[in-house]
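Enquirer: predicted structure and sequence below. I'll ask about it afterward.
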Amino acid sequence: MLQTISETNKNFSNEISQVSDLKQLENLRIKYLSRKGIIATLFEDLKTVPKEDKPAVGKSLNELRNSVQTQFDTLKEKLEALSGNNKQAVDFTLPGRGKSVGSKHILIQTLDEIKTIFRGLGFSIAEGPELESDYNNFSALNFAPDHPARDMQDTFFINKDYLLRTHTSPVQIRVMQNQQPPVRAIMPGKVYRNEAISARSYCLFHQVEGLCVDKGVTFAELKGTLVSFARQFYGSGFKYRFRPSFFPFTEPSAEMDITCFLCKGKGCRMCKQTGWLEILGCGMVDPNVFKNVGYDSEKYTGYAFGMGIERIAILKYDIPDIRLYFENDLRFLKQF
Ligand code: PHE
């Protein structure tokens, strides 16, 4: 009997190795595994085996059945996958799963563009810390001790002498303290203001500062540089104007406006009916600032400017709410 079992095993292995489709496999199943198949018949024969041999023969018969069943199942799965009958098989006609690729944040894209334009105009790039001294942020920039910008309501003070910078202008001070003229640099970075958060203002935003100091620098150069920047950034189909303004660290000071994108100057909600949008603050460096960094104001003149990157991009892309920049909502970010 044991001999027969071992031969059956060999025969089955031999036969299954020649099976190449599901139909042949089914025939093999009927031959070996069906109710009247070879293995069932062997189990029938077990009854005739002497009692003392039954455990050994029974065990080897069980092993045969399991081995045959396993080989059968394995091959069946393989053949089904190949013939596409099985639901788990790969369906090559399905569309692929797209990989989503990340991109630069719109503020970084805008900053990159600004940097490229000013590099082309001969400016280098400088940076300074966000945690700044009260001296660099205010005093050195000619803010009077009682200037309202020092008020606790606008500034995040760390202690009496240190604060989160409220603008990038203190980097002007750092650059001039470390370098003699000529200076031609832009200084991008984060700034902080303790303002009520709304669609128009946020406690954190980004600025780009600009500074140019040399012998004989004029207001005409300031205007020429900024108009050249604006033409490259916004395109040439716009008008620009400089309006008198005030900053403690520049004299004279101005703000630069561009024709409203939305109404082309006719007046609308975006430009508050004026036809103009303010894009930056600027002016000639105040001699008091030169004095504070040890520059000779008889020998040198210079101009400075500062713009908010959020504001610049809000105007360019008509973004309705400044908070969108910081929420990381993909529906917003993917538009750029
Ligand atoms: N620091 C000013 C602000 O934050 C902008 C400015 C920079 C104005 C340089 C003039 C010159 O509003």
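Expert: Structure's in. What do you need?
Enquirer: and the residue of the chain found nearest the ligand, what element?
Expert: Here the residue of the chain nearest the ligand is Gly306; by Cβ to the nearest ligand atom that distance is 2.6 Å. All C-beta atoms are positioned from the backbone trio N, CA, C, and that covers glycine. Assigned by DSSP states H and E, Gly306 belongs to strand 301-308.
Enquirer: pull out the buried positions in the helix or strand following that strand.
Expert: Sequence order places helix 309-317 as the next helix or strand after strand 301-308, per DSSP H and E. Buried residues in helix 309-317, counted by 16 or more other Cβ atoms under 10 Å: 309-316.
Enquirer: now for helix 309-317, which elements pack on it?
Expert: Packing contacts for helix 309-317, counted by 3 or more Cβ pairs under 8 Å, 6 or more residues apart in numbering; DSSP states H and E, involve helix 106-120, strand 204-214, helix 219-234, strand 276-285.
Enquirer: and the lengthiest helix in the chain, how far out from the chain middle?
Expert: The longest helix of the chain (DSSP state H) is helix 54-83. Remark: helix 54-83 is offset 55 Å from the chain centroid, using Cα atoms, centre = their mean, to the nearest Å.
Enquirer: how about that helix: buried residues?
Expert: Quick answer for helix 54-83 (16+ other Cβ under 10 Å): 57, 60-61, 64-65, 68, 71-72, 75-76, 79-80.
Enquirer: in TSV: these, plus pLDDT and distance to the ligand.
Expert: Below are these laid out as TSV (pLDDT from 0 to 100; distance: Cβ to the nearest ligand atom, whole Å):
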residue	pLDDT	distance to the ligand
Val57	85	96
Ser60	87	91
Leu61	84	91
Leu64	83	88
Arg65	87	86
Val68	83	84
Gln71	83	80
Phe72	82	80
Leu75	82	77
Lys76	84	75
Leu79	81	74
Glu80	81	71
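Enquirer: ok, now which ones touch Ile322?
Expert: 199-202, 205, 310, 314 (Cβ atoms under 8 Å, 6 or more residues apart in numbering).
Enquirer: actually, Leu46.
Expert: Per Cβ under 8 Å, 6+ apart, neighbours of Leu46: 1, 54, 57-58, 61.
Enquirer: got CSV for those residues, with distance to Arg184 too?
Expert: Output for the contacts of Leu46, formatted as CSV (distance: Cβ to Cβ, whole Å):
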residue, distance to Arg184
Met1, 101
Lys54, 102
Val57, 99
Gly58, 96
Leu61, 94
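Enquirer: from the residues you listed, pick the one nearest Leu22.
Expert: Set against Leu22, the nearest of the contacts of Leu46 by Cβ to Cβ is Leu61 (27.3 Å).
Enquirer: wait, the closest one touches Phe43, no?
Expert: Yes - judged on Cβ atoms under 8 Å, Leu61 makes contact with Phe43 at a distance of 6.4 Å.
Enquirer: the ligand contacts on the stretch 151-300 of the chain?
Expert: For the stretch 151-300 of the chain, the residues in contact with the ligand (Cβ under 6 Å from any ligand atom) are 167, 169, 209, 247, 250, 281-283.
Enquirer: out of those residues, who's the most crowded?
Expert: Using other Cβ atoms under 10 Å as the neighbour criterion, Ser169 leads those with 29 neighbours.
Enquirer: contact partners for that residue?
Expert: For Ser169, the contact set (Cβ under 8 Å, 6+ apart) comprises 137, 141, 209, 249, 304, 306.
Enquirer: farthest-separated two in those?
Expert: Longest distance between any two of those is 14.7 Å, between Asn137 and Ala304; criterion Cβ to Cβ.
Enquirer: if we ignore the residues flanking it in sequence, what's nearest Lys334?
Expert: Distances taken as Cβ to Cβ, 6 or more residues apart in numbering put Ser103 closest to Lys334, at 7.9 Å, once the chain neighbours are dropped.
Enquirer: oh, I was asking about Leu25
Expert: For Leu25, the closest residue by Cβ to Cβ, 6+ apart turns out to be Val19, at 5.0 Å.
Enquirer: checking that neighbour next. Helix, strand or coil?
Expert: coil (DSSP: H, G, I helix; E, B strand; the rest coil).
Enquirer: residues in contact with Phe205?
Expert: The neighbours of Phe205, taking Cβ under 8 Å, 6+ apart as the test, are 190-191, 193, 308-311, 322.
Enquirer: would you turn those residues into CSV with pLDDT?
Expert: Formatted as CSV, the contacts of Phe205 follow (pLDDT from 0 to 100):
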residue, pLDDT
Lys190, 97
Val191, 97
Arg193, 94
Gly308, 93
Ile309, 95
Glu310, 93
Arg311, 90
Ile322, 92
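Enquirer: now flag whichever of the residues you listed is closest to Gly267.
Expert: Arg311 (19.7 Å).
Enquirer: quick one: that closest one and Ile258 touch, right?
Expert: No - counting by Cβ under 8 Å, Arg311 does not reach Ile258; the two are 11.5 Å apart.
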